[in-house]
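Participant: Everything below, folded, please.
(one chain, ligands or ions: 1)
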Amino acid sequence: MVSSAISLGSTALSVHLRRSPAPLLPPILCTTFTSHRSIFFGRRFAPISITCGRIDPRRPFAMAFTPIKVSEGKKEVLVFENEEELSVSLAKFTAELSEKFTNDRGAFTVVLSGGSLIKSLRKLVESPYVDSVNWGKWHVFWADERVVPKDHPDSNYKLAYDGFLSKVPIPPGQVYAINDSLSAEGAADDYETCLKHLVNTGVLKLSTATEFPEFDLMLLGMGPDGHIASLFPGHPLLNEKQRWVTHITDSPKPPPERITLTFPVINASSNIALVVAGAGKASVVQKALGPDQNSYDVLPVEMVSLKEGELKWFTDKDAASKLPNFANL
Ligand SMILES: O=C1O[C@H](COP(=O)(O)O)[C@@H](O)[C@H](O)[C@H]1O
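Facilitator: Predicted coordinates for the structure are as follows:
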């Protein structure tokens, strides 16, 4: 056991490393070790467990498929070597939840985002999941949608259809797109009415803690400004406490007219996968998960805080590159 303390600005970081004996394999093929350390994570110290796996002999220079893992209560941060490995793990995670909820309640309610998230779902439409997932039980929703026709290049529905939905046999009646013939306000009202109907029919459950709908899995992306869904930094919609779905007509990111789930709904989820890859998002990841936090400019992504569910960050090393605690791995 090796113990040491690292000074991180004005913050003392205590580190406890434990290395297992070298395994009986040629050194270049195996670098198995386990380390347990405490890092400064968010606003407080939290224990984390880091496991670097054995190097795959077929890919000697790539780390085997064991992500760096940071846990804080019901929040877990996974950092993958790259976006490719992130997408493999995201598919497995989603397929496992699909099986769990399908078995438990005969339905799986999944919320999609637009943007880069859809590309990160690509492994789910490949073998083995394309054949093994019970797609007939899926009910698909959107965290946010741009108020444009469904065949418009800006449509989150079109993005999801082209990259994901067209490749799996989810019944079309279980894919809940917005009504694109309405205004932004009308489309938000209509979507909220649709969700309430699905609560009444038992497809969606209500959170016992909050009385807001509780989706089984929300797959959220995050913009480089820290926005999630269509909830943008500093916008009054961040404070919405009553509505399930609301609209925006002045989105700072085009197109301006959108509808979005609200924070009470997002935070009532059973599970959220927050999928954040690439160096362009490293500064926001640093702000959201790093040591320098303040409460006067909280970003939307920092407002994701589940009442009872589990939040998992799926990041890659580029996105996590500004987190001081990962620098020495
Ligand atoms: O406008 C949007 O942006 C976010 C983030 O997109 P990304 O391409 O940076 O991942 C997305 O999650 C949201 O659904 C979309 O409408």
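
Participant: Output the host helix or strand of Thr193 as CSV, restricted to C-alpha atoms.
Facilitator: Element membership for Thr193, per DSSP states H and E: helix 184-200. C-alpha atoms of helix 184-200 as CSV (Å, rounded to 0.1, in the frame of the first residue of the first chain):
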residue,chain,number,x,y,z
ALA,A,184,-44.1,25.8,-29.8
GLU,A,185,-46.6,26.5,-27.0
GLY,A,186,-49.3,24.2,-28.6
ALA,A,187,-46.8,21.4,-29.1
ALA,A,188,-45.6,21.6,-25.5
ASP,A,189,-49.2,21.5,-24.2
ASP,A,190,-50.0,18.6,-26.6
TYR,A,191,-46.9,16.6,-25.5
GLU,A,192,-47.8,17.1,-21.8
THR,A,193,-51.3,15.9,-22.5
CYS,A,194,-49.9,12.9,-24.2
LEU,A,195,-47.7,12.1,-21.2
LYS,A,196,-50.7,12.4,-18.9
HIS,A,197,-52.7,10.1,-21.0
LEU,A,198,-49.9,7.5,-20.8
VAL,A,199,-49.8,7.8,-17.1
ASN,A,200,-53.6,7.1,-17.1
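
Participant: Other residues contacting whichever helix or strand comes after it?
Facilitator: Sequence-wise, the next helix or strand downstream of helix 184-200 (DSSP H and E) is strand 205-206. With contact meaning C-beta atoms under 8 Å, 6 or more residues apart in numbering, strand 205-206 is reached by 105, 199, 212-214. Yep, even glycine has a C-beta here, placed from its N, CA and C like the rest.

Participant: contacting residues around the helix holding Thr193?
Facilitator: The contact list for helix 184-200 (C-beta under 8 Å, 6+ apart) reads 139, 141, 145, 147, 176, 178-180, 182, 204-206, 213, 243-249, 257-260.

Participant: Give me the subset of those residues lying in strands.
Facilitator: 139, 141, 145, 205-206, 213, 245-248, 258-260 (DSSP state E).

Participant: Show the buried residues in those residues.
Facilitator: Buried by 16 or more other C-beta atoms under 10 Å: 139, 141, 145, 205, 213, 245-248, 258-260, out of those.

Participant: how about the closest residue to Asp316 other than its chain neighbours, what does it touch?
Facilitator: Spatial nearest neighbour of Asp316, chain neighbours left out: Ala277 (4.5 Å); criterion: C-beta to C-beta, 6 or more residues apart in numbering. By C-beta under 8 Å, 6+ apart, the contact set of Ala277 is 83, 86, 116, 120, 314-316, 318-319.

Participant: Quick check: the gap between Ala277 and Asp189.
Facilitator: According to C-beta to C-beta, to the nearest Å, Ala277 and Asp189 sit 34 Å apart.

Participant: in the stretch 101-250 of the chain, what residue is nearest the ligand?
Facilitator: Relative to the ligand, the nearest point of the stretch 101-250 of the chain is Gly115 (2.4 Å; C-beta to the nearest ligand atom).

Participant: Just list the residues touching that residue, thanks.
Facilitator: By C-beta under 8 Å, 6+ apart, the residues touching Gly115 are 156, 159, 221, 223.

Participant: Please narrow these to those residing in helices.
Facilitator: In helices, judged by DSSP state H, the following of the contacts of Gly115 are found: 156, 159.

Participant: Pick out the most distant pair among the contacts of Gly115.
Facilitator: Using C-beta to C-beta, the contacts of Gly115 reach their maximum pairwise distance at Leu159 and Gly223, which is 14.7 Å.

Participant: Between the two, which has more neighbouring residues?
Facilitator: A direct count of neighbours by other C-beta atoms under 10 Å for Leu159 and Gly223 places Gly223 higher, at 24 against 21.

Participant: Spell out the secondary structure type for the residue lying closest to the more buried one once chain neighbours are set aside.
Facilitator: Sequence neighbours aside, Lys253 is the residue nearest to Gly223 in space, at 6.6 Å (criterion: C-beta to C-beta, 6+ apart). Secondary structure, DSSP: H, G, I helix; E, B strand; the rest coil: Lys253 is coil.

Participant: neighbours around Lys253, how many?
Facilitator: Neighbour count of Lys253, defined by other C-beta under 10 Å: 14.

Participant: before we move on, the earlier item: now render the contacts of Ala277 as TSV, adding pLDDT, neighbour count and secondary structure.
Facilitator: Converted to TSV, the contacts of Ala277 look like this (pLDDT from 0 to 100; neighbours: other C-beta atoms under 10 Å; DSSP: H, G, I helix; E, B strand; the rest coil):
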residue	pLDDT	neighbour count	secondary structure
Glu83	98	21	helix
Leu86	98	24	helix
Ser116	98	18	coil
Ser120	98	24	helix
Phe314	98	26	strand
Thr315	97	29	strand
Asp316	97	25	strand
Asp318	97	20	coil
Ala319	97	28	coil
